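**Q** Next input, structure requested:
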Amino acid sequence: MDTSAYLNAVVEQTNTFADWVDGKDASAPVPTCPKWTLLDLVDHVGATQRMVTMLVGERMTDPSQAFARQAKGPTDSAEWRAWLIAGAAEAKQAFESVSEDTPVWDPSGAEAGVQFWSRRLLGEACVHSADAAAATGTPYKLAPEPAVAAIEDWLDTMTSAGYWENRPDFAEAMRGDGQTLHFHTTDAPGEWLARREPDKVVLERTHTKADVAVRGPGAELLLVLTRRGPLSEAANLEVLGDRALFEHWIEHMDWVTD
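**A** As a prediction, this is how the structure comes out:
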């Protein structure tokens, strides 16, 4: 997917998210993010999109101003839908004003800010839609293509140099001596090999033998990888090889779960 396709999908997923939370109880707990209420979740999604709009639209290479100007969402849930839809539309417009090589702050360390943030917003929308579904009792649905894009975003971000450096607990847990995990989506093209090394996790897009292989539908794999759904309930996921290695991996995929 290119930047335009990512942002079109961001708008679509945000609209779905907005429909699910529209008018709901702001104080309702979010089971998949135990310390959050539905208000916290909505605020996070909308504020993050608006922060990225500032980063990209204003071509920021220093994020401090964007962080300082982060907006709070409305507390009245009747206003959430319009606020969320407007934020996604503003983000799409910001990306349309730049090219993929426009310098923008990139926390991953890869210096690909515009491409990083376009995919990051889609990953956020897909994963937090799962949070909204859990909080509102809505069946979670996600098409295979955006599910694969969200998995790519999650794995690439979690194995980035920036994440490794800024999350020492994660780095310590993920250090290894060559252990490999292979992830494979069965309803749309998507394959990843993660190799745990002493100073990083190397991510490759390849098909090869690994210590553990996990394969199944993209949406189901996304929920398990992001700890939005337990492995024990993922009826369509097949785990071949060292299951304990995969369970250790899941245990430390704890970004934005509290």
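
**Q** Can you show me the CA trace of stretch 20-27 as PDB?
**A** Extracted in PDB, the C-alpha atoms of stretch 20-27 (Å, rounded to 0.1, in the frame of the first residue of the first chain):
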ATOM      1  CA  TRP A  20     -19.200   1.900  17.200                       C
ATOM      2  CA  VAL A  21     -18.500   4.500  20.000                       C
ATOM      3  CA  ASP A  22     -21.100   7.100  19.000                       C
ATOM      4  CA  GLY A  23     -23.300   8.000  22.000                       C
ATOM      5  CA  LYS A  24     -21.900   5.200  24.200                       C
ATOM      6  CA  ASP A  25     -21.100   5.500  27.900                       C
ATOM      7  CA  ALA A  26     -17.900   7.500  28.300                       C
ATOM      8  CA  SER A  27     -17.100   5.800  31.600                       C
END
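
**Q** All the strands of this protein, residue numbers only.
**A** Using DSSP state E, the strands of the chain run over 179-185, 191-197, 200-204, 212-216, 238-241.

**Q** of all those strands, which lies closest to residue 60?
**A** Closest approach to residue 60 among those (CB to CB): strand 200-204, 26.7 Å. For the C-beta atoms, the positions are set from N, CA and C on the backbone; glycine is no exception.

**Q** That closest one vs strand 191-197, what angle?
**A** Note on geometry: by axes from the mean of the first three to the mean of the last three CA atoms, to 10 degrees, strand 200-204 and strand 191-197 are set 160 degrees apart in direction.

**Q** who touches strand 200-204?
**A** Contacts of strand 200-204 from elsewhere in the structure, counted by CB atoms under 8 Å, 6 or more residues apart in numbering, are 155, 156, 158, 159, 161, 164, 174, 192, 193, 194, 195.

**Q** Just the buried residues out of those residues, in ChimeraX syntax.
**A** Entered in ChimeraX, the line below selects the buried ones among those, by 16 or more other CB atoms under 10 Å:
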select :155,156,158,159,164,174,192,193,194,195
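
**Q** thinking again about what came up before, mind putting the strands of the chain in a markdown table, mean pLDDT and distance to residue 60 included?
**A** A markdown table is the format used below for these (pLDDT from 0 to 100; distance: least, CB to CB, whole Å):
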| stretch | mean pLDDT | distance to residue 60 |
| --- | --- | --- |
| strand 179-185 | 98 | 33 |
| strand 191-197 | 98 | 30 |
| strand 200-204 | 96 | 27 |
| strand 212-216 | 98 | 37 |
| strand 238-241 | 98 | 42 |
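
**Q** mind checking which of these is nearest residue 169?
**A** Using CB to CB, the nearest of the strands of the chain to residue 169 is strand 200-204, at 14.1 Å.

**Q** what comes up buried for the closest one?
**A** For strand 200-204, burial by neighbour count (16+ other CB under 10 Å) applies to 200, 201, 203.
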